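1. The following comprises the amino acid sequence and a computationally predicted model.
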Amino acid sequence: MILTIAGCGDAFGTEGQFNTCYHVEASRGNFLIDCGASSLVALNKLKIPVNEIGTIFISHLHGDHFGGLPFFLLHAWYATGRTEDLTLAGPPGLQKRVEQALDMFFPQSTSEAPQFALRYVELPPNTKSHVNGIDVETFAVCHFSGAPSFALRIEVDGKIVSFSGDTSWTDKLLEASAEADLHLQECYNFETVFPYHSEYVTLEKELPASTAKRILLTHFGYEMFANLDKVTWEYGRDGMVIEL
């Protein structure tokens, strides 16, 4: 399994980082974990072949995590002539929100019939599912998005990647990251408490209880970048490639 960080930035592109988007190459097929608004640009910049992405997992329905889907779909319909099937898997309400976004950005685009099979899989909270040969488990976390927000635990090729999504601290993250080969942990601020997000000083106390083999902090805001000299945990940057 090879994970490439196409984007691990916050919603606002702080320090020029792209919105959340992790690309995973696996024997069961390539997939994304989240597809934020800037993700198609990030994927193209890294020359990642987007038509080879068969599944996109979405942690929650905020624009910096799923807002790239309208552009990804239209790119597939009009720019690449995609014929490969595509599955979008995420919280309940995913299909409605994606179609609303498509109609808002590009009116009548949802009336177009794609030349490939597009399938939506809405994942229930706190449930194990099997999607295109990939095992995924959802954990409801503390982040308002108008729909359930998830931490994700994904297993394929005998490897486990867990992702916190966006959330304030919850012990659900210890469950999601248990024995994971890689845990991706949102860390928006250094010490200022911001609703529904995590801050470094809290993670510094809580994360040592995780049994994940490797932890990367992500989703930094301005306060995190201003305090990098105090950060002792490993953190992700756009373009990083991790082989598991």
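-> Structure's in. What do you need? Numbering: from 1, shown residues only.

2. hey, where'd the helices end up in this structure?
-> Secondary structure of the chain by DSSP state H: the helices cover 39-45, 63-66, 69-74, 94-105, 172-177, 200-206, 222-225.

3. Name the stretch among these that sits most buried.
-> Using mean count of other Cβ atoms under 10 Å, the stretch among the helices of the chain with the largest mean neighbour count is helix 63-66, at a mean of 24. In this view, the C-beta of every residue, glycine as well, is placed from N, C-alpha and C.

4. so how far is it from its chain's centroid?
-> Once both centres are worked out by Cα atoms, centre = their mean, to the nearest Å, helix 63-66 turns out to sit 8 Å from its chain's centre.

5. what packs against that helix?
-> Counting contacts by 3 or more Cβ pairs under 8 Å, 6 or more residues apart in numbering; DSSP states H and E, helix 63-66 packs against helix 94-105.

6. List the contacts of the helix it packs on.
-> Helix 94-105 has contacts (Cβ atoms under 8 Å, 6 or more residues apart in numbering) with 58, 61, 66-67, 69-70, 73-74, 88, 109-110, 120, 122, 146-147.

7. between those, which is nearest residue 44?
-> residue 74 (13.7 Å; Cβ to Cβ).

8. What's opposite residue 183 in the beta bridge?
-> On the basis of DSSP bridges, residue 183 is bridged to residue 162, residue 215.

9. For it, which residues are in contact?
-> Counted by Cβ under 8 Å, 6+ apart, residue 183 has contacts 161, 162, 163, 164, 176, 177, 210, 212, 214, 215, 216.

10. hang on, the last one packs against residue 236?
-> By that I understand residue 216. Yes - assessed by Cβ atoms under 8 Å, residue 216 is found in contact with residue 236 at 4.4 Å.
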